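Novice: build me a model from this:
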Amino acid sequence: MTVTPTRRQYLALGGMGVLVGLAGCSSEGSSDDSGETSTDDDEQGSDEDESASGGDDSSGGGDGSDGEDDSATDGENGDTYPTEGEPTDAVMREVLNWTGSYVMDVEFTGDQAGGLTQTVHEGDSHIVMNVGVEAEAYEVDGVKYEVAAGQCVIRAEPEATQQAPDVADPSADAPSVEATEITTREGKPVYVFELPGPDAGTWHVSTETGYPVQFETTSFVATFHSWGETDPISPPDMNCQEV
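Specialist: I've put the predicted structure just below:
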């Protein structure tokens, strides 16, 4: 079986942060019609009035600020990241991060229904495919296994491997494409990068981590997660015949 969005179609992925012034007023002793100045009791009452009205700068909200801005802050180290609606001049080559451990969920669009999940861990991979037929593919220490219909074989190009986008670390070749905007995916802010030419597609890259979140083309949508969190991959626990 062959589908349009083969791994040869896949990527040139591109490489990728109110002051209110307070005005105070003072009051001086005033004279009444009899020419007598205000008494100490009057002055004490004035001081009490100022205290009741929040004249102390240490009171909550004394600076007129609500303590909020449009940026997200990492609670651990205090780093501030751009959020949706903020202007951005981010370049993909400068902000992109990539590591050898992640999960990619692919949903094919158009005439090709179905999808697959590829788990990658330091050069090894495991693919679970459901594109009209269910199959699995493993690549461990350079050996490729295919599991389908309860059977396991060792072959050069398992079907599931052929259907999966060919993902390699693209950091070194990431293009100098500027983000078109900042939006959100799964409630998190992401840069949007539009790739031109034969690699046309839209990348959504986390503004907080630099890791890809999603890649959209006319043929498939790939969603990335679990960066740096996957477990080591072992060959299938079956009697696998070489073909």
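Novice: what comes up buried for whichever strand or helix holds T184?
Specialist: Element membership for T184, per DSSP states H and E: strand 181-185. Within strand 181-185, the residues that count as buried by 16 or more other Cβ atoms under 10 Å are I182. C-beta here means a position set from N, CA and C on the backbone, and glycine is covered the same way.
Novice: with stretch 225-238 instead?
Specialist: W227, T230, I233, P235.
Novice: and the second one, its phi and psi?
Specialist: Just to be clear, that refers to T230. Phi and psi for T230, reported as degrees, to the nearest 10, are phi -80, psi 160.
Novice: can you name the residues that contact it?
Specialist: Applying Cβ atoms under 8 Å, 6 or more residues apart in numbering, we find T230 in contact with S101, Y102, V103, T119, V120, H121.
Novice: are any of the residues you listed buried, and which?
Specialist: S101, Y102, V103, T119, V120, H121.
Novice: looking at these, which is nearest A179?
Specialist: Y102 (21.2 Å; Cβ to Cβ).
Novice: where does the closest one sit: helix, strand or coil?
Specialist: Classification of Y102 by DSSP: H, G, I helix; E, B strand; the rest coil places it in strand.
Novice: for S171, give its distance to E94.
Specialist: 11 Å (Cβ to Cβ, to the nearest Å).
Novice: again but with D111, I slipped
Specialist: With distances taken as Cβ to Cβ, D111 is found 38 Å from E94.
Novice: who has more neighbours, these two?
Specialist: Per other Cβ atoms under 10 Å, whichever of D111 and E94 has more neighbours is E94, with 14 against 8.
Novice: that one - that's part of a helix, no?
Specialist: Yes. The assignment for E94 is a helix, going by three-state DSSP.
Novice: now do it, the pLDDT please.
Specialist: Per-residue pLDDT puts E94 at 92.
Novice: if I look at it, how far off is N130?
Specialist: 37 Å.
Novice: how about the helices of this structure, start to end?
Specialist: 40-52, 92-95, 159-163 (DSSP state H).
Novice: got the contact list for stretch 149-159?
Specialist: Residues contacting stretch 149-159 (Cβ under 8 Å, 6+ apart): 1, 127, 129, 133, 135, 137, 143-146, 148, 236, 238-243.
Novice: one step back: most widely separated two among the buried ones among the contacts of T230?
Specialist: V103 and H121 (9.6 Å).
Novice: okay then, goodbye and thanks.
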